[in-house]
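Colleague: sharing a model prediction with you, sequence too.
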Amino acid sequence: MKTPESAFAPAVPLSVTRIALAFAALAASPSVLLAHPNHAVSQVAAAAPRRDPQPPATTAPVRADARLSVTIRDAKLQQPTPARVRITDETGKPLGPLALTALPRNAPPAAEARLSLPGTVIGLPPQAIGIMYGPNDTAQGYAFQMDGAFYVNGSFDLAMPAGKFLITIAKGYEFVQQTEELTFKAGDHLIRAYDLGRWVDMPQRGWYSADDHIHLRRSPRENPLILDWVAAEDVHVGVLLQMGDFWTTYFAQYAWGEKGRYGAGEYVLTSGQEEPRTGELGHTISLGAQAFVRFQDDYFLYDKLFDRVHELGGVSGYAHQGMSFHGYRGMTLDVLAGKIDFLELMQFCVPEGPLAVEHYYRFLDLGYRLTALAGSDFPWCGRGARPGEEQVGAQIGNARFYTYVGDEFGFPRWLDGVKAGHTFVTSGPVIDLKVNGQIPGSAVDVKPGAKVRIVATANGHASQIPLRRLQVIGHGKILAEAKAGEPGQDASLLRLEFEHEVKHGIWLAARAEAGPSQMAHTTPVYVTAGGDGFHNRSNLTAQIDVSRKYLAEIRALLRAPTDTPRPSARSAPGPLAYREARARLEQRIAVAEAKLEELSRRR
């Protein structure tokens, strides 16, 4: 049955060139791992000899001579609630497969530990929520998280060895996590009840959290299980991305549009796509469309795909802050052409993260609206000593964004809020900005010389998310700043309120910092003076020059010798393989250069 854009490949014969390229790549790399390139994912040989299963490496056999029974409730609702549980010993190692955090994700002990059925190994209760498909898009099982934690829905009963342990119960950023030291002797049965309360209630304010970048293969059977994972992190909208490259697709989603959504209460799963993805132009994300869109024969023509996504009711943007995989090149083409809606501004995948604003500020300064989104890129990216490489910190919702929905939550209202740009991104703090009473994503026009009233606040938790500073940013510069410890300011609440004279248009945003790697940033409010635009006159020339440089890089790729070696056999064949793509990209570069020339004449 032919399904034009939702099929994995177009219903047309492969060209001779593409067949040759495919065989060449397979010959060069017989152990291709069809997963997320350059995210430090281990390679698994397709033809590797079978191994006899080996038990997870541990320091010594562990006896389970005691028992722990736990219930977890939402303090406000007084009902059982999904949560994340982590139990560690006196040395800080997780209970159970102790080697899990010290090994690559695909090392046999780590992989087999996750294959353990809940209730069959120390540290994993029968009530732990496991799913089938793991990080490499194979049926390797998934019960333990990267740091040895597990998810439960309201209660669990666990066999415990004797000794001292620390239990941590968490549910995203808005809830106060609970920790307790527990001591077990042989024969003990400890019973504990934990009520998780919010230090801030964002849904009550009309704001709902989302993670735009989760990679898990999903079927209807997995829906309630994955929804519990997402709810345990208090992520209200979990966007599960079907990922593609030139060759094929991964992390399949079973349906799109309304048929691909599954929810309960105020939590929902929805299908999205990370496609197209190349090392030359970057990785892209689309969400909210009624179908999966893929043009394998025109793989480098990102604009064609974005147009189709918009026709299908969705939005598109660039992943990884535009920093990695040369995303800043593709952004230069597509922002200047008005083809994209957002940038994934917060993520732990790049060393500059979690908040990397270089390319975001560049396009704002050029006068283009761009909504800020955020996502975990689970199961790859997390807090760690080596951003983008540490795997133990990978966690759904560790970078997330909030969207203003209003009094009644629903996916269509949420998507409307994303399209309007009513968002902020965060890895902990809660932030609010109003300019003349208008929230992020809004446009405000005043007379030249008039003043706008700016009110910004940041909320944190004194011990869990201790605020350090709040800033109001205009055209990339700090216009005002509040620091914890100053009169009237503390680690749980920072506030700025002032007036700013608007001689020319300006984009205004708020930014906050708290504990290590805890940050937040709003989408701007776009202020114009007599309709003159909000571009940054003071550095317009510099930003145009940088953009021209990136266009020149794309042109150099198109004109490179045809025998230039590819950096990775897993990436797409270069644009040199497509005569029509080369011509079309040359046209797009020329259009972008003309646009930059037009921008240079602005005053």
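Modeller: Okay, I see it. Please read these numbers as outputs of a predicted model, since none were measured by experiment. Residues are numbered from 1 along each chain as shown.
Colleague: so which elements touch the helix ranked longest in the chain?
Modeller: Using DSSP state H to define each element, the chain has its longest helix at helix 579-600. Secondary-structure packing of helix 579-600 (3 or more C-beta pairs under 8 Å, 6 or more residues apart in numbering; DSSP states H and E): helix 327-336, helix 540-558. The C-beta positions use only the backbone N, C-alpha and C, and glycine is treated the same way.
Colleague: out of those helices, nearest to Gly449?
Modeller: helix 540-558 (21.2 Å; C-beta to C-beta).
Colleague: other SSEs contacting the closest one?
Modeller: helix 327-336, helix 358-365, helix 579-600.
Colleague: so which of those helices is the most packed in?
Modeller: Mean neighbour count (mean count of other C-beta atoms under 10 Å) peaks for helix 327-336 among the helices and strands packed on helix 540-558, with a mean of 25.
Colleague: counting by contacts, list what that helix packs against.
Modeller: strand 282-287, helix 302-311, strand 315-318, helix 358-365, helix 540-558, helix 579-600.
Colleague: TSV for those, including distance to Lys259?
Modeller: Below are those laid out as TSV (distance: least, C-beta to C-beta, whole Å):
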stretch	distance to Lys259
strand 282-287	15
helix 302-311	17
strand 315-318	19
helix 358-365	34
helix 540-558	38
helix 579-600	33
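Colleague: these: lowest mean pLDDT?
Modeller: Mean pLDDT is lowest for helix 579-600 among the helices and strands packed on helix 327-336, at a mean of 92.
Colleague: now tell me what touches that helix from outside.
Modeller: 298-301, 303, 332-333, 336-337, 366-367, 535, 540-541, 544, 547-548, 551, 554-555, 558, 575-576 (C-beta atoms under 8 Å, 6 or more residues apart in numbering).
Colleague: and the angle from it to helix 302-311?
Modeller: Angle between the axes of helix 579-600 and helix 302-311 is 80 degrees (criterion: axes from the mean of the first three to the mean of the last three C-alpha atoms, to 10 degrees).
Colleague: with just CA atoms, put helix 579-600 into PDB.
Modeller: Presented in PDB, the C-alpha positions along helix 579-600 are these (Å, rounded to 0.1, in the frame of the first residue of the first chain):
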ATOM      1  CA  ARG A 579      22.900  17.000  -9.600                       C
ATOM      2  CA  GLU A 580      19.500  18.600  -9.100                       C
ATOM      3  CA  ALA A 581      20.100  19.100  -5.400                       C
ATOM      4  CA  ARG A 582      23.300  20.900  -6.100                       C
ATOM      5  CA  ALA A 583      21.500  23.300  -8.500                       C
ATOM      6  CA  ARG A 584      18.700  23.800  -6.100                       C
ATOM      7  CA  LEU A 585      21.000  24.500  -3.200                       C
ATOM      8  CA  GLU A 586      23.000  27.000  -5.300                       C
ATOM      9  CA  GLN A 587      19.700  28.800  -6.000                       C
ATOM     10  CA  ARG A 588      18.900  28.800  -2.300                       C
ATOM     11  CA  ILE A 589      22.300  30.200  -1.400                       C
ATOM     12  CA  ALA A 590      21.800  33.000  -4.000                       C
ATOM     13  CA  VAL A 591      18.400  33.800  -2.500                       C
ATOM     14  CA  ALA A 592      19.800  33.900   1.000                       C
ATOM     15  CA  GLU A 593      22.700  36.100  -0.100                       C
ATOM     16  CA  ALA A 594      20.300  38.500  -1.700                       C
ATOM     17  CA  LYS A 595      18.300  38.600   1.500                       C
ATOM     18  CA  LEU A 596      21.400  39.400   3.500                       C
ATOM     19  CA  GLU A 597      22.200  42.200   1.000                       C
ATOM     20  CA  GLU A 598      18.700  43.600   1.600                       C
ATOM     21  CA  LEU A 599      19.100  43.400   5.400                       C
ATOM     22  CA  SER A 600      22.500  45.300   5.100                       C
END
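Colleague: now that helix against helix 327-336, angle please.
Modeller: Going by the same axes, to 10 degrees, helix 579-600 makes 70 degrees with helix 327-336.
Colleague: when you give positions from now on, start the count at 296
Modeller: Done: numbering now begins at 296, and the last item shifts to helix 874-895.
Colleague: quick one: the closest residue in space to Leu600 that isn't next to it in sequence from Ser611, how far?
Modeller: Closest residue to Leu600 apart from its sequence neighbours, by C-beta to C-beta, 6 or more residues apart in numbering: Val588 at 5.3 Å. Val588 sits 9 Å away from Ser611, going by C-beta to C-beta, to the nearest Å.
Colleague: which neighbours do those two have in common?
Modeller: Joint contacts of Val588 and Ser611 (C-beta under 8 Å, 6+ apart) are Ser581, Leu600, Val604.
Colleague: Leu477: which of those is nearest?
Modeller: Distances from Leu477 to the shared contacts of Val588 and Ser611, taken by C-beta to C-beta, are shortest for Ser581, at 46.0 Å.
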